[in-house]
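Enquirer: Take this sequence and fold it.
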Amino acid sequence: MAPVNSGVRQQRGLMARAKLPFQVVPITSNIDKLYPSESYITLNGDARKAVADQLTTVSKSRLKNQIGSLAADDMKKIAQAIKTQLDLN
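Expert: Below is the predicted model of the structure:
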């Protein structure tokens, strides 16, 4: 049986080839206050905040440059913030 992560990678690959729109969570450097649908993360060594209450859909053509990558722990924090925003807890 293949690991779960390989299925996720395969699905992402299919989405990228199909040029479907992406759901994105904006990231801000304004970390003064944290609301329930937000999470503190680290991006390129800097403290940032993922703002799941601003979750939006964008076309792949709007995604120009990769600004970095997130640690698995930060991705879990963002997933929890999205669940909170969508009331899936």
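Enquirer: Sketch out the low-pLDDT regions of the chain for me.
Expert: 1-19 (pLDDT under 70).
Enquirer: Please list all residues in contact with the residue nearest to the spatial centre of the chain.
Expert: When the chain is reduced to its mean C-alpha position, the nearest residue by C-alpha atoms, centre = their mean turns out to be V25, at 5.2 Å. Contacts were defined as C-beta atoms under 8 Å, 6 or more residues apart in numbering; by that measure V25 touches A50, V51, A52, Q54, L55, I78, A81, I82. Heads up, the C-betas are built off the backbone N, CA and C, glycines and all.
Enquirer: Next, format the residues you listed as CSV and append distance to L34, secondary structure and neighbour count.
Expert: Below are these laid out as CSV (distance: C-beta to C-beta, whole Å; DSSP: H, G, I helix; E, B strand; the rest coil; neighbours: other C-beta atoms under 10 Å):
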residue, distance to L34, secondary structure, neighbour count
A50, 10, strand, 24
V51, 10, strand, 19
A52, 11, helix, 23
Q54, 14, helix, 14
L55, 16, coil, 17
I78, 13, helix, 19
A81, 10, helix, 25
I82, 15, helix, 18
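Enquirer: want to throw those into a markdown table with distance to L63?
Expert: Conversion of those to a markdown table gives the following (distance: C-beta to C-beta, whole Å):
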| residue | distance to L63 |
| --- | --- |
| A50 | 16 |
| V51 | 17 |
| A52 | 18 |
| Q54 | 16 |
| L55 | 15 |
| I78 | 17 |
| A81 | 20 |
| I82 | 18 |
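Enquirer: Closest one of the residues you listed to D32?
Expert: Distance to D32 across these (C-beta to C-beta) is lowest for V51, with 12.6 Å.
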